[in-house]
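In: structure for the following, please:
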Amino acid sequence: MSDEPAEGSRAIRPGEHRGPTLPPDGRRSEPSRQEGWPVEPPRGTETILIVDDDPAVINVTRSIVERLGYTTLTAHNGRQAVEIVRTFDGDIHLVILDLMMPVMDGTEAFPLLVEARPGVKVLIISSWAPDATAQALLDAGAAAFIPKPFHVVTLAVEIRRALDARPKTTS
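Out: Reported below is the predicted structural model:
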């Protein structure tokens, strides 16, 4: 979570690759201008819930997201996040959800979040390399997996992509 590119900080989205969607080592190249990444990060005004058990990650992520123009809410575990999405009166457009947390982790919280707020978009973040757990959440409708530490532009672009994506329909 810096202004400097971090190795492997490119997000992984559902269906992005043929064969195994997440490589075993989780390594990805950093976004470049040749790939169409913006020089200036995209901004917005929507409300984003940030869920992570590490106060430093919450503070840095909140600072980045607020500088991009978004309104933020925070939770320190999945249980708090579920309570917020169930009781918050306003719109929650996106959840940035850590996978590994005490009390209730991201895997447990994900289905409860989307059940409580149908149509809410979810970005998965984790310090752990992408694995079958992350892949299962992508398959279940998460917008992308972003490995920590992430680059500011990576986070900004993936937030905007998730928010602008058409709602997924079930067949």
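In: so which residues of the chain form strands?
Out: In the chain, the segments counted as strands under DSSP state E are 47-51, 71-75, 94-98, 121-126, 144-147.
In: in JSON lines, list the ones you listed along with distance to Thr133 and mean pLDDT.
Out: No exception for glycine: its C-beta is placed from N, CA and C like everyone else's. JSON lines is the format used below for the strands of the chain (distance: least, CB to CB, whole Å; pLDDT from 0 to 100):
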{"stretch": "strand 47-51", "distance to Thr133": "16", "mean pLDDT": "98"}
{"stretch": "strand 71-75", "distance to Thr133": "19", "mean pLDDT": "98"}
{"stretch": "strand 94-98", "distance to Thr133": "12", "mean pLDDT": "97"}
{"stretch": "strand 121-126", "distance to Thr133": "9", "mean pLDDT": "95"}
{"stretch": "strand 144-147", "distance to Thr133": "10", "mean pLDDT": "92"}
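In: mind putting these in a markdown table, mean neighbour count included?
Out: Conversion of the strands of the chain to a markdown table gives the following (neighbours: other CB atoms under 10 Å):
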| stretch | mean neighbour count |
| --- | --- |
| strand 47-51 | 24 |
| strand 71-75 | 18 |
| strand 94-98 | 26 |
| strand 121-126 | 24 |
| strand 144-147 | 25 |
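In: could you dump those to a markdown table with distance to Ala132?
Out: A markdown table is the format used below for the strands of the chain (distance: least, CB to CB, whole Å):
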| stretch | distance to Ala132 |
| --- | --- |
| strand 47-51 | 21 |
| strand 71-75 | 25 |
| strand 94-98 | 17 |
| strand 121-126 | 13 |
| strand 144-147 | 12 |
